[in-house]
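Asker: Following is a predicted model, sequence given first.
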Amino acid sequence: MSLRWMLYGANGYTGALMAEAAVARGMKPVLAGRNGAALAKLAEPLGLEWVVLDLADANALREGLRDIDAVMHCAGPFSATCAPMLEACLASGTHYLDITGEIDVFAHCHAQDARAKQAGILVLPGAGFDVVPTDCLAAQLKRDLPDATHLVLAFEAGGGPSPGTAKTSVEGLGKGGRIRVNGELKRVPLAYKMRFFEREGVQRSAVSIPWGDVYTAYLSTGIPNIEVYMAVPQPTIRRLRRLRLLGPLLGMGWVQRLLKSKVEAKVRGPSESSRGRSATWVWGEATNARGQRVSRRLRTPNGYTLTVDAALGIIERLAQPEVPSGFNTPSQLMGASYVNSLPGVERTG
């Protein structure tokens with residue numbers, strides 16, 4: 001079937017990369033967002049349609065989606081933008097995908113599973129680096145060790161964050177950490193645990209973070225105990241732990257606005273050359289009650305490059321027959337080996 005799809009937040013950092021890559025694949029997404037001038041500047045050289053849609057105008061948003069089969073939502077932070085877009089998709093019968101890594105956004109999307117099935121739409125958040133490689137790795141480890149009780153995932157990403165990712169990180173400072181214990185989500189202090197992972201014979205320090213897989217990997221695998229780590233230098237871990245002293249202050253509105261304004265002023269996202277030079281390493285290990293352990297490691301391109309390839313591959317899947325309805329994780333829709341099929345991804349252990 002021919003799929004008519006919309007790229008919302010197209011003039012943002014990741015959205016612009018995805019628009020250019022989509023055209024290179026022969027795709028013709030409708031570009032959308034709030035800034036008409038920025039959309040026109042991006043769309044016209046690419047020969048694409050564009051439309052101004054504000055998430056605050058529910059009626060206009062539903063009307064704008066009336067002839068759209070699927071939306072790839074790239075306008076974060078998704079804590080603020082997911083709900084209105086998802087509601088419009090449910091009303092218009094439009095498949096919803098996004099590139100979030102936020103646990104609460106995954107939980108909100110999952111809570112709409114019955115409504116999505118009734119509407120006949122797929123709901124798949126986390127269609128990019130958050131959480132395709134880690135979700136697929138989790139599903140592979142479950143396949144390797146079917147009775148696993150504990151899952152640990154970790155990554156080391158180079159190249160620096162985009163503005164949207166940096167703003168999401170600011171929001172996370174006020175919420176602390178999250179892990180899954182015996183099937184339940186548990187709030188823990190910021191930088192709750194530290195451990196090491198080996199990369200090319202060198203030990204890399206890592207700290208636990210509230211990554212989306214704490215939510216999604218449980219749905220993909222049923223493994224009840226899950227922790228996710230990000231590799232960072234030990235001085236960074238010590239600074240994060242000192243931030244615990246600020247406690248609720250970090251979540252206050254005026255503090256969040258101040259920190260996000262600094263992001264807007266300073267963060268531009270990695271350049272094309274930086275993306276080309278930087279790679280990402282992903283680790284995963286699963287253990288069972290008898291102490292048996294299995295592990296896998298991946299090397300992938302820069303996270304933004306992988307996000308574009310992974311998300312567009314999922315869009316291509318929606319053009320094929322028999323698209324399921326309801327909430328899906330990436331590995332549930334695309335299979336555990338999907339990440340290994342993406343350009344530049346290799347298994348290293």
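Answerer: Now that the structure is in, tell me what you want to look at. Numbers count the residues shown, from 1 in each chain.

Asker: quick one: His215 and His108 touch, right?
Answerer: No His there; residue 215 is Tyr. No: the pair Tyr215 / His108 is not scored as a contact, 10.3 Å apart, by Cβ atoms under 8 Å. No exception for glycine: its C-beta is placed from N, CA and C like everyone else's.

Asker: Give me the more crowded residue out of the two.
Answerer: Neighbour count, other Cβ atoms under 10 Å: between Tyr215 and His108, Tyr215 has more, with 26 against 18.

Asker: which non-adjacent residue is nearest that one?
Answerer: Once flanking residues are discounted, Tyr215 sits nearest to Phe106: 4.3 Å by Cβ to Cβ, 6 or more residues apart in numbering.

Asker: count of neighbours near that neighbour?
Answerer: Using other Cβ under 10 Å, Phe106 is surrounded by 26 other residues.

Asker: Please tell me how far it sits from Leu53.
Answerer: Distance of Phe106 to Leu53, given as Cβ to Cβ, to the nearest Å: 24 Å.

Asker: thinking again about what came up before, which helix or strand contains the residue nearest to Tyr215?
Answerer: Counting by DSSP states H and E, the element that carries Phe106 is helix 103-111.

Asker: following that helix, which helix or strand comes up?
Answerer: Counting by DSSP H and E, the next helix or strand C-terminal to helix 103-111 is helix 113-119.

Asker: what packs against that next one?
Answerer: helix 78-92, strand 122-124, strand 326-327 (3 or more Cβ pairs under 8 Å, 6 or more residues apart in numbering; DSSP states H and E).

Asker: low-confidence ranges in the stretch 151-300 of the chain?
Answerer: Across the stretch 151-300 of the chain, residues meeting the criterion (pLDDT under 70) sit at 159-174, 247, 249-251, 254-256, 258-260, 262-270.

Asker: could you say what helices and strands the helix holding Phe106 packs with?
Answerer: Against helix 103-111 (3+ Cβ pairs under 8 Å, 6+ apart) you get helix 78-92, helix 213-221.

Asker: could you dump the ones you listed to JSON lines with distance to Arg178?
Answerer: Listed next are these as JSON lines, based on distance: least, Cβ to Cβ, whole Å:
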{"stretch": "helix 78-92", "distance to Arg178": "14"}
{"stretch": "helix 213-221", "distance to Arg178": "5"}
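
Asker: Please identify the deepest-packed of those helices.
Answerer: Neighbour counts (mean count of other Cβ atoms under 10 Å) averaged over each of the helices and strands packed on helix 103-111 peak at helix 213-221, with a mean of 25.

Asker: relative to helix 103-111, how tilted is that one?
Answerer: For helix 213-221 against helix 103-111, the angle by axes from the mean of the first three to the mean of the last three Cα atoms, to 10 degrees is 30 degrees.
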